[in-house]
Structure formats: C-alpha cells, structure tokens
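Peer 1: Please find the sequence and the predicted model below.
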Amino acid sequence: MAEMNMIQSLNHTLMLAFAKDDRLVSFGEDAGFFGGVFRVTEGLQKKFGEERVFDTPLSEQGIVGFAIGMAQKGLKPICEIQFADYIFPAYDQIVNEMAKMRYRTANQYTANVIIRTPYGGGIHGGHYHSQSPEAQFLHTPGLRVVVPSCPYDAKGLLLAAIACGDPVIFLEPKRIYRTLKQEVPEEEYLIDLGLAEVAEKGSDVTLIGWGAQHQQNIKAARALKEEGISVEVLNLRSLNPLDIKSIRESIEKTGRVVIAHEAPKTCGFGAELTTQIVENCFLSLEAPVKRCCGLDTPFPHTLEQEYLPDHTRVMSAVRETVEY
C-alpha cells in the first residue's frame, strides 16, 4: 500500500499496465515528453520510449481518429484529450466511428480505445476548462463512461477499462487530482464497471453522485448526520454501464433520493437517472426525486462557487427532500 493522490494513482496504474502489455500506447497534446498538463503521464515516455508514448499535433479529431485506426491493428490506445472542453472537435470520430465500430462490423472489430480527459470545475478554469460533458456521450450507444472519485477508484477503474475491450470515455475530475490522498494497493485490482459503491450507509434519503461531486456529497452527509438526518451515499463510479440494482435497493430502503452533479441541470445525466428511478422505484418513493446541479449557463469564472453544487447546496436539497 502507498499513499497517493489521483494523479499519482493514475500514473502508477499506467506504468503497471504498460509494463505488462506492450500493445498499450499513449499519446495526446503535450502528453509525451512533458507528461501532460497535469503530469498524469509523466515519466511514461522515458520508461517506455517514444514509439509507445508520444506527443501529437493540436487536433483532437486527429488524436481520436488515429487511436481508432491503431485499435483496428491490434494496439490498445489510451489517448489524452487535454481538457474535456476540447473534446468536441473529436465528437464525430467518437460517436460516429468509435462507438459504432463493433455494431457496424457485426462484432468483427471494436475500437478498443480509452479516451482519458480531465473534466469538471473547481480550479477557476472558466468556461473553456471546466465543463462536465458526460451526458453528451451517455446518449450514444456503444460508449462506456467512467468517472473515478478517489485515488483508489482511479486505479481499479482504469485497469478495468483497459481490460474491457470496449471504447471508454474516462473522465478524470481535476478538482480532486491533488487535493485528496488515499492508500492505494501497489498490486493490480479491478473495480467492475457498472458496480456502484455504497460509500455511507443511511436510512432517511439516498444521495447519488460521481466524480468530484461525490466528495461534496460525503461532506454533506456527515454534516447532516449531526442534524439527525441519516444519508445513504452512492458513488456511481460508472455511468454506463449503470448499477441500477444498487440504486433500487437503496431507494427501497430510504424512500427518498437526491441526485447531485456539476453539469447543467437541463438534460444532465440526473434527468435520465430520475426517469430510471421513477420506472424502477415508483412505489418506494415518498417524495419527488430532487436534483442539485450546476446552473443552466456557461460555466463562469469569477462566480464558480455559486455555480458548483457544493456541500451546503446539497445539504439544503436533502433537507427539502426529507421534509417533503
């Protein structure tokens, strides 16, 4: 075991995986020699060489298209998009090529590609460095969407993503890249994609989140415990596949649910979760499903704290749901 932050955990995981499988390659803007703007791939090129770890031009469409082609030749690309906000030039390659490769070739080929990208707010990056676009990829069949919320999850989920054989959007919440440290086993372990974690047990209300938001949810739940409100906190980890079974079991126990995420409220993944909860848990609900989300505006710079659903906003949403 070693204490690591998320960057250290991801870097350690890549080192471990690259040593084991010489089909793995990594590339992106400044992701080779420099090790990425957040240093997740630092030292990877020095250890495994420029043929396996290299820099690319500033072309997200080219990065993903290149990765898809490499995957067809038997390699296992892990490409980096420098910020999730920059992923949109590659949107056509992701949703029309990468996501559909297995289907359009009758399972003869798949785009065994992982797209790593820092996402979300919390670092005062303004509207071009803070977005949470998970819902835009969850709408596309064929993509797995994974969001770790701590260093331990980051390692287990990344190794599972490498092993799964499908295209994966691996969203790394940069707000907690360095702020959260945790004991991480040095040996390999996998966290099943599609398996949520019950991070805190409770009986009054279920609180669902992922990524950096999960840490705000934990903080809210522990503060509410002092007020006599028992909150069960679910960390989804994987948004597709989704662990609806764990969600259903929790809501059957609590009868109330709050969903919190950083992305704008309208058509965010919380809306889909709400629908699935109503379809699966309607007879268990004792209050309407409550969403506590980012605002329906571009992500601001100076008003970042007003935009993000921090633990105090989550606490208010939980109180409102419990008191309904």
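Peer 2: Cool, the structure landed.

Peer 1: What segments of the stretch 101-250 of the chain are strands?
Peer 2: With strands called from DSSP state E, counting those that start in this stretch, the stretch 101-250 of the chain shows them at 114-119, 144-146, 168-173, 182-184, 197-200, 205-209, 231-235, 238-240.

Peer 1: how about the ones you listed in CSV, adding distance to residue 104 and mean pLDDT?
Peer 2: C-beta: built from backbone N, CA, C; applies to glycine. Listed next are the strands of the stretch 101-250 of the chain as CSV, based on distance: least, Cβ to Cβ, whole Å; pLDDT from 0 to 100:
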stretch, distance to residue 104, mean pLDDT
strand 114-119, 19, 98
strand 144-146, 18, 98
strand 168-173, 19, 98
strand 182-184, 38, 97
strand 197-200, 35, 98
strand 205-209, 34, 98
strand 231-235, 34, 98
strand 238-240, 19, 98
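
Peer 1: Dump the ones you listed into TSV; add mean neighbour count as well.
Peer 2: As requested, the strands of the stretch 101-250 of the chain are arranged in TSV below (neighbours: other Cβ atoms under 10 Å):
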stretch	mean neighbour count
strand 114-119	25
strand 144-146	25
strand 168-173	26
strand 182-184	17
strand 197-200	17
strand 205-209	29
strand 231-235	25
strand 238-240	24
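
Peer 1: Poorly predicted segments of this protein, please.
Peer 2: Across the chain, not a single residue meets the criterion (pLDDT under 70).

Peer 1: before we move on, back to that, in JSON lines: the strands of the stretch 101-250 of the chain, plus distance to residue 12.
Peer 2: JSON lines is the format used below for the strands of the stretch 101-250 of the chain (distance: least, Cβ to Cβ, whole Å):
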{"stretch": "strand 114-119", "distance to residue 12": "14"}
{"stretch": "strand 144-146", "distance to residue 12": "18"}
{"stretch": "strand 168-173", "distance to residue 12": "14"}
{"stretch": "strand 182-184", "distance to residue 12": "7"}
{"stretch": "strand 197-200", "distance to residue 12": "21"}
{"stretch": "strand 205-209", "distance to residue 12": "25"}
{"stretch": "strand 231-235", "distance to residue 12": "21"}
{"stretch": "strand 238-240", "distance to residue 12": "21"}
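
Peer 1: I'd like to know which elements the longest strand along the chain is packed against.
Peer 2: Under DSSP state E, the strand in the chain containing the largest number of residues is strand 257-264. Identification of packing neighbours for strand 257-264 by 3 or more Cβ pairs under 8 Å, 6 or more residues apart in numbering; DSSP states H and E yields strand 205-209, helix 212-225, helix 269-281, strand 290-294, helix 311-322.

Peer 1: Which stretch among those is buried most, on average?
Peer 2: Per-stretch averages of neighbours, counted by mean count of other Cβ atoms under 10 Å, single out strand 205-209 among these, with a mean of 29.

Peer 1: Parallel or antiparallel, list what pairs with it.
Peer 2: Based on DSSP bridges, the strands next to strand 205-209 in the sheet, each with its direction, are strand 231-235 (parallel), strand 257-264 (parallel).
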